[in-house]
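> Predicted model, plus sequence, below.
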Amino acid sequence: METLRQLLVGREISELSRVAHLLDEPEQLAAAVGSVLPDAAARASHAQLGEAFAPIVERAAQRSIQKNPRTLTDILYPVFLPAIRKSIGEKIDQTFQSLNESLRHIFTWHGLKWRFEAWRTGASFSEVVLNHSLVYRVEHVFLIDRSSGLLIAHVTAENAMSEDPQLISSMLSAIQDFVRDSFNEKEQSGLDTIRFGELRLWSEVGPFATLVSVIRGNPPEELHEIIRDVLLRIHDEYSQALEHFDGDSSQLASVETQLQTCVELKHEESNEGFPWLVVAAVLLVLIPTGIWFFLSWQSGQRWQAYVSRVASQPGIIVAEQTARDGQFYIAGLRDPLAADPQSLLSGTQVDPARVHANWQFYQSLEPEFVLKRLTASLAPPDSVRLSVVKDRIVAEGEANATWISRAQAAAQQLSAGGPVFDISRVRDVSPEARAAEHWQAYVSRLGTQPGIIVAEQKIRDGQFYIAGLRDPLAADPQSLLSGTQVDPGRVHSQWQFYQSLEPEFVLKRLTASLYPLKSVRLSIVDNRIVAEGEAPDTWIDRARAAARLLSAGGPEFDISKVRDVSPEAREAEHWQYYVSRLEAQPGIIVAQQTERGGQFYISGLRDPLAADPKALLSGTQVDPARVHSQWQFFQSLDPKFVVKRLTASLSPPKSVQLSIIQGRILVVGEAPAGWISRAQAAAEQLSADGVVLDVSQLRELNLAELNHLREAIQTTDIFFSSGRVVPGPEQSPVLDRLADQLKEFAENARKAGVTARFMLTGHSDTTGRETANASISAARAETVRALLNKRGVAPELLLVRGAGTFEPAVPENENSRTGNSTNRRVSVTVNLE
C-alpha cells in the first residue's frame with residue numbers, strides 16, 4: 001500500500017510537504033508572495049485594488065509622517081517649490097509694474113487728473129494709474145494637450161485674426177520642447193511668457209493640459225490668476241477626459257464655454273471727455289487764492305525791505321519786528337541824532353498808517369554820533385579839526401591849555417567800548433608850552449649826538465637843567481643851542497667826561513696813538529675798525545697790542561688785512577701762495593710742506609698727467625734753488641685724468657665722444673662691436689675704484705651702406721694689354737668711377753669712426769718668365785696707384801703689391817702662349833681699421 005501510494009500520489013505528497021514547509025518559514029513565504037504580488041496587482045480590478053490598499057496606504061503614510069515629518073516635506077518640495085516661486089515672482093512683477101506705471105505718469109497731466117480721481121473715489125493712486133494705463137484684450141485662447149501637443153480647444157475673440165489653430169498649437173509645443181531639451185529643464189517646467197510687439201503669449205501649465213492666452217496690449221499681472229483659475233476649473237471638471245485624450249475632442253466640447261470667459265477679458269481706455277467743469281471750479285478757487293497769496297507775499301517783502309533799511313541806519317537798533325493781521329509792528333533803540341524811522345518809509349510802498357513803532361532813546365557809541373556830541377560840548381576853535389580816522393576820533397591843530405584840558409577830561413569820560421578820543425596831535429600854543437617844546441627839541445638833538453649821554457633833564461621855575469656824560473671828542477653841547485630858540489642864559493648843564501666806545505671815537509684815538517703809515521688805512525666796517533695796507537712788523541706789533549687793550553664791549557680792531565713788508569714775511573707769503581697753487585691743481589696732493597733755515601720743503605703725490613710742480617714756480621717769486629720737493633707718482637681718479645687714460649688706451653673712433661657730466665664719464669656715439677666690448681670691460685674695472693663710466697648710450701656701428709659700396713669696389717678690375725704696365729684709354733672711365741667710389745668710401749668710413757685702406761694687387765698671365773710676371777704685376781699696381789692719386793685719392797690710403805701669376809681670376813692652359821686677358825688686371829681689396 002505504501003508503495004502503491006507513492007506511485008499514485010507521491011508527487012502530490014512531496015508538493016504538499018514543500019508548501020507546508022514554505023508556510024512554516026515566514027521569510028520563504030514572503031519571498032514567494034513578493035514574486036507573484038506584482039502580477040496579481042496588475043491583473044486585479046482598479047476599484048477593488050484601490051479599496052483594498054487604501055486603508056493600508058493611509059495607515060502607512062500616517063505612521064511615516066508621524067515618525068518623520070521631513071519625509072512628507074521632501075516629497076512635496078519638488079511639487080510646491082516651483083508653484084511658490086512662480087507665485088512670488090508674479091507678485092513681484094505686479095509690484096514693479098504698479099511702481100513703474102505710477103512713476104511714469106506721476107508728473108504728467110494724466111497723472112494729476114488720476115490723482116484727483118483717486119482722491120474723489122478713495123482708491124489708491126497706483127490702482128487708478130493701472131486702471132487707466134493697462135489697456136489690453138485677450139484675442140485667442142488655446143487649450144493644448146501636454147503630453148502629445150495636440151490642440152484640444154481654441155476660442156477667438158471677435159474681430160481677431162489668426163491662422164490655423166492646430167498649426168499654432170504644434171509650433172508652441174515644439175518651441176517648449178526645444179527650449180526644454182536645449183537647456184536641460186525639468187519636465188514640469190514650461191514657457192511662461194512670449195512677447196512680440198504688442199502681442200503677449202501667457203502660458204499656464206496644468207497636470208494634463210496647457211492653457212495659452214494671446215493678449216494684445218499691456219495686461220496687469222493679476223490676469224495670471226484669472227487664467228490659472230480657468231485652467232484649474234477645466235482640470236476639475238474634465239480630468240478623466242484630459243488624462244486619456246487621444247485627439248478626439250467630442251468629450252471636451254463644453255470646454256470652450258470655460259475658455260470663452262478668458263476671451264471676454266479686456267480693458268479699454270476710457271473715452272471720457274475733458275472735465276472742463278471741474279477745471280473751471282478749481283481755477284475759480286485757485287485764482288483768488290493765488291492773488292491773495294501774491295499780495296501778502298509782496299507786502300511782506302516790502303516790509304522786510306523797510307526793516308533792513310532801518311536796521312542799516314547808524315544809531316538805530318531793531319530789537320523786534322513782526323506782521324500781524326495786516327498790521328506791522330517794530331520796536332528797538334534809537335539815538336536822537338539818528339535818522340527818523342518815519343521818514344524812511346518814503347519809497348518803500350508801505351502804508352504808514354499800518355506801521356506801529358515803539359522806539360527807546362539811547363546814546364549810540366558810533367564814532368559819527370560821538371563826534372557830533374564832542375563838537376557840541378567842546379566847541380573847538382577854528383584852529384582845531386575833529387575827524388573820524390579808523391573808528392577813532394582824532395583832534396588836530398593848535399589850542400590853548402584850557403581847551404586841551406577840557407578835551408582831555410572829555411576823553412576820560414567817554415564810555416568804555418566807545419571810540420578813542422586822540423588829542424595828541426593838538427599843540428599847546430601857550431608861551432610856557434612853546435618854551436618846553438623847544439627845550440625838548442634841544443634835548444632830542446643832544447641825545448642823537450655820538451659821545452653824549454643825557455642822564456637827566458628838567459624844567460623848573462623857567463630854568464632848564466641837564467646833566468650827563470660827554471666824550472671830549474664829541475660835539476660841544478653849548479654850540480648845539482644855536483637854532484633851537486632856547487635862551488642859553490636859562491640853561492644849566494653839568495657834564496662828566498668819559499671815553500665813548502663809539503667806533504668813530506675809538507678810531508680817532510687809535511689814529512692819534514698809533515700814527516699809522518701812509519700805506520695803512522683805518523676805517524669803520526660794520527661797527528668794526530679795520531686796518532688795511534702794508535707795514536713793518538714793529539708797527540703791526542704795536543697795533544696788535546692796542547687791539548688787546550681795547551675795552552670789552554667796544555668795537556673790534558681787525559689788523560688781519562695789514563701785510564708784513566719785511567723780507568722774511570714776503571718770502572713766506574710767496575711760498576704759501578705757491579703751496580696753495582699746487583693744492584688747487586688736479587692730480588696733485590700736498591702731504592707735507594715746511595720752511596726751515598731759509599729753505600722750502602714739500603712732498604706729496606702727483607699724477608704723471610698732472611701739471612709739473614717746477615713749472616708752477618714761475619710767477620710766484622720763489623727761488624727754485626731753495627725748493628726741495630719729493631713727489632710719489634700715483635694714478636688720480638679725477639675724471640679728467642681718467643678720460644685722458646681711456647682715450648690713450650681705447651683709441652675711440654671719431655664717432656664716439658667722451659665727456660664728463662656731474663662727475664660721471666659719459667660715452668656717446670656709434671662704434672664697432674669690438675670697441676664697445678673693450679669699453680664695457682674698462683667700465684667694469686673702473687667701477688671697482690668708484691669711477692662711473694657710462695657706456696649705456698653707445699650704439700653699434702651700422703656698416704650696411706659701407707658693405708654695399710665695398711662690394712662694388714672689390715668687383716672692379718683694371719685690365720691691361722699683354723706685356724703692358726699702363727692701362728689702355730678704354731680703362732679711363734673705369735678709373736674715374738673707381739676713384740669716386742674710393743673717395744666716397746673713405747669719407748663714409750671716416751664719419752663712421754673707422755679708417756679705410758685699399759690694397760691694389762697687380763696680376764699677370766702665364767706668358768713669359770715668372771720673375772718678369774711678378775715685376776709686371778707690381779708695376780701695374782703702382783701705375784694704378786698713381787692714376788688714382790692723380791684723380792684725388794689720398795696716397796696714404798692706397799697700398800700696392802704684386803701677385804704675379806699666383807692669384808689668377810680664371811685658370812690658364814699651360815700650352816697657351818698669349819695667356820688669358822682676364823688675368824692681366826689690377827684688383828682692389830678694402831680693409832677697415
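Yep, that arrived. Numbers count the residues shown, from 1 in each chain.
> C-alpha only now, for contacts and for neighbours.
Will do.
> contacts for stretch 464-478?
With contact meaning C-alpha atoms under 8 Å, 6 or more residues apart in numbering, stretch 464-478 is reached by 439, 446, 449-459, 488, 490-500, 505.
> what about Glu796, neighbour count?
9 (other C-alpha atoms under 10 Å).
> Surely it is in a strand?
No: when classified by DSSP: H, G, I helix; E, B strand; the rest coil, Glu796 is found to be helix rather than part of a strand.
> Return the residues in contact with Trp439.
Trp439 touches Phe464, Thr484, Val486, counting by C-alpha under 8 Å, 6+ apart.
> which element is it on?
helix 431-447 (DSSP states H and E).
> Please save the CA atoms from that helix in CSV.
C-alpha atoms of helix 431-447 as CSV (Å, rounded to 0.1, in the frame of the first residue of the first chain):
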residue,chain,number,x,y,z
PRO,A,431,54.4,180.6,25.9
GLU,A,432,55.4,178.0,28.5
ALA,A,433,54.4,175.2,26.2
ARG,A,434,56.3,176.7,23.3
ALA,A,435,59.5,177.0,25.5
ALA,A,436,59.1,173.4,26.8
GLU,A,437,58.7,172.2,23.2
HIS,A,438,61.9,174.0,22.1
TRP,A,439,63.7,172.6,25.1
GLN,A,440,62.6,169.0,24.2
ALA,A,441,63.8,169.5,20.7
TYR,A,442,67.2,170.5,22.1
VAL,A,443,67.4,167.5,24.4
SER,A,444,66.5,165.2,21.5
ARG,A,445,69.2,166.8,19.4
LEU,A,446,71.7,166.1,22.2
GLY,A,447,70.5,162.5,22.5
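> List the buried residues for it?
Ala435, Ala436, Glu437, His438, Trp439, Gln440, Tyr442, Val443, Leu446 (16 or more other C-alpha atoms under 10 Å).
> now swap in stretch 378-393 and tell me
By 16+ other C-alpha under 10 Å, the buried positions in stretch 378-393 come out as Pro380, Val384, Leu386, Val388, Arg392, Ile393.
> Look up the residues forming beta bridges with the fifth one.
Right, Arg392. For Arg392, the beta-bridge partners are Val389 (DSSP bridges).
> Now do Thr538 against His574, distance only.
21 Å (C-alpha to C-alpha, to the nearest Å).
> oh, I was asking about Glu204
Glu204 is 120 Å from His574, by C-alpha to C-alpha.
> Show me where the stretch 151-300 of the chain dips below the pLDDT cut-off.
By pLDDT under 70, the low-scoring segments of the stretch 151-300 of the chain are 162-163, 184-190, 265-279.
> one step back: rebuild the contacts of Trp439 as a markdown table, extending it with neighbour count, distance to Leu650 and secondary structure.
Converted to a markdown table, these look like this (neighbours: other C-alpha atoms under 10 Å; distance: C-alpha to C-alpha, whole Å; DSSP: H, G, I helix; E, B strand; the rest coil):
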| residue | neighbour count | distance to Leu650 | secondary structure |
| --- | --- | --- | --- |
| Phe464 | 20 | 96 | strand |
| Thr484 | 17 | 89 | coil |
| Val486 | 19 | 94 | coil |
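> which one of those residues is nearest Val810?
Thr484 (127.6 Å; C-alpha to C-alpha).
> Who are the contact partners of the closest one?
Taking C-alpha under 8 Å, 6+ apart, one finds His438, Trp439, Ala441, Tyr442 in contact with Thr484.
> Among these, which one sits closest to Gly674?
Nearest to Gly674 among the contacts of Thr484, with distances taken as C-alpha to C-alpha, is Ala441, at 92.8 Å.
> related to what we said a few turns ago, any chance of the buried residues of helix 431-447 in a markdown table, plus pLDDT?
Shown next, in a markdown table, are the buried residues of helix 431-447 (pLDDT from 0 to 100):
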| residue | pLDDT |
| --- | --- |
| Ala435 | 79 |
| Ala436 | 81 |
| Glu437 | 80 |
| His438 | 83 |
| Trp439 | 85 |
| Gln440 | 85 |
| Tyr442 | 86 |
| Val443 | 89 |
| Leu446 | 86 |
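> Give me the more crowded residue out of Thr538 and His574.
Remark: of Thr538 and His574, His574 carries more neighbours, 18 against 11, as counted by other C-alpha under 10 Å.
> in the one helix or strand that one maps to, what counts as buried?
Element membership for His574 (DSSP H and E) is helix 567-583. Across helix 567-583, burial judged by 16+ other C-alpha under 10 Å covers Glu571, Glu573, His574, Trp575, Gln576, Tyr577, Tyr578, Val579, Leu582.
> Could you do stretch 142-157 as well?
Buried residues in stretch 142-157 (16+ other C-alpha under 10 Å): 142-146, 149-157.
> hmm, who's touching that stretch?
Contacts of stretch 142-157 (C-alpha under 8 Å, 6+ apart): 138-141, 165-166, 169-170, 173, 206-213, 242, 245, 247, 249, 252-253, 255-256, 259-260, 263-264.
> which stretches of the stretch 701-833 of the chain form strands?
717-719, 756-763, 798-804, 825-832 (DSSP state E, counting those that start in this stretch).
> Including distance to Gly533, mean pLDDT and mean neighbour count, could those go into TSV?
As requested, these are exported to TSV (distance: least, C-alpha to C-alpha, whole Å; pLDDT from 0 to 100; neighbours: other C-alpha atoms under 10 Å):
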stretch	distance to Gly533	mean pLDDT	mean neighbour count
strand 717-719	85	94	23
strand 756-763	67	93	24
strand 798-804	71	92	21
strand 825-832	68	91	19
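> how about those, which one is nearest Ala778?
Of all these, strand 798-804 comes closest under C-alpha to C-alpha, at 3.9 Å.
> on that earlier part again, with distance to Tyr515 as extra columns, can I get the strands of the stretch 701-833 of the chain in CSV?
Output for the strands of the stretch 701-833 of the chain, formatted as CSV (distance: least, C-alpha to C-alpha, whole Å):
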stretch, distance to Tyr515
strand 717-719, 99
strand 756-763, 81
strand 798-804, 85
strand 825-832, 82
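> I'd like to know which of the contacts of Trp439 is nearest to Ala338.
For the contacts of Trp439, the nearest to Ala338 is Thr484 (50.0 Å; C-alpha to C-alpha).
> Could you tell me how far Phe363 is located from Leu378?
Let me fix one detail, which is that residue 363 is Gln and not Phe. 17 Å.
> related to what we said a few turns ago, of the contacts of Thr484, just say which sits nearest to Gln731.
So of the contacts of Thr484, ranked by how close each gets to Gln731 (C-alpha to C-alpha), first place is Ala441, at 115.2 Å.
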